[in-house]
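J.: requesting a structural model of the entry that follows:
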Amino acid sequence: QDSEAKKNLYIGAHNPVGTAPTETLAIGYNALTNLSSGTRNFAVGKDAGFNIVNGDYNLYIGHSAGKTNQSFSYNTAIGYQAQELFDGQQSTAVGYRAGRSATGTHTIFGYNAGTTISGGSAIFGYSAAAGSTTGTTTVVGQDSYRYVTSGSDNVAVGHQVMWSNQADKTLDNNIGIGLG
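T.: Residues are numbered from 1 along each chain as shown. Presented below is the predicted three-dimensional model:
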């Protein structure tokens, strides 16, 4: 526990630099290393939450989970590199590289799912929406909605539905259900 009795616990090398964090837990090499202020941040794993400076209520579990988040709050990332290069808040990403370079607010579950998706999306499934950069999209299914680079307001449900194998694929206001 730190000397100012702010209910913090740090285990591992390179503990947070600030004296103002409150009710914070950092376990692992470089976990929450740059945290100078913030409340109730929790990071477990090497480089988990590494760049958070002043975010609140973040939960990062896994190697490099939430690594580059600097000042956003209310995020949950569980898995190797989940939300590693993420830019946004009030989001959840669970799975290997889930939401790795996503932006905005989203909910992502699945291995390599929603790696570059933008805000307002709900992504569920193995590699669902991987490589896509659109927002306000709902995707449920393995490999669905992959590599779509522009558009919005789409719903894809099923295996490989709306999978784009061409560059600069645009989809707006579509519903796809079935087998791609």
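J.: check which helices and strands the helix or strand of the chain with the lowest mean pLDDT sits against.
T.: Lowest on mean pLDDT, DSSP states H and E among the helices and strands of the chain sits strand 169-170, with a mean of 84. Taking 3 or more CB pairs under 8 Å, 6 or more residues apart in numbering; DSSP states H and E as contact, the helices and strands that strand 169-170 lies on are strand 148-150. To be clear about C-beta, it is placed using only N, CA and C from the backbone, and glycine gets the same treatment.
J.: just give me how far the strand it packs on sits from the chain centre.
T.: Mean C-alpha position of strand 148-150 versus that of the full chain (CA atoms, centre = their mean, to the nearest Å) differs by 19 Å.
J.: what residues of that strand count as buried?
T.: Buried residues in strand 148-150, defined by neighbour count with 16 or more other CB atoms under 10 Å: 148-149.
J.: can you list the strands that it pairs with?
T.: strand 169-170 (parallel) (DSSP bridges).
J.: next helix or strand past the partner strand?
T.: Sequence-wise, the next helix or strand downstream of strand 169-170 (DSSP states H and E) is strand 175-179.
J.: skipping adjacent residues, who's closest to residue 104 in space?
T.: Of all residues not flanking residue 104 in the chain, residue 119 sits nearest, at 1.9 Å (CB to CB, 6 or more residues apart in numbering).
J.: distance of the one you found from residue 36?
T.: 27 Å (CB to CB, to the nearest Å).
J.: how close does residue 35 sit to residue 52?
T.: Going from residue 35 to residue 52 by CB to CB gives 5 Å.
J.: what does residue 59 give?
T.: From residue 59 across to residue 52, the span is 11 Å (CB to CB).
J.: could you do residue 122 as well?
T.: Taken as CB to CB, the span from residue 122 to residue 52 is 25 Å.
J.: who's more crowded, the two?
T.: Of the pair residue 122 and residue 52, residue 52 is the one with more neighbours under other CB atoms under 10 Å, namely 33 against 19.
J.: now that one: which helix or strand?
T.: If you go by DSSP H and E, residue 52 is not part of any helix or strand.
J.: before we move on, what about residue 26?
T.: Using DSSP H and E, residue 26 maps to strand 25-27.
J.: next structured bit after that strand?
T.: Moving toward the C-terminus from strand 25-27, the next helix or strand (DSSP H and E) is strand 42-44.
J.: who's in contact with the helix or strand that that next one is followed by?
T.: For strand 42-44, the following helix or strand on the C-terminal side (DSSP H and E) is strand 59-61. Strand 59-61 is contacted by residues 31, 41-45, 48-49, 66, 75-79, 82-83 when judged by CB atoms under 8 Å, 6 or more residues apart in numbering.
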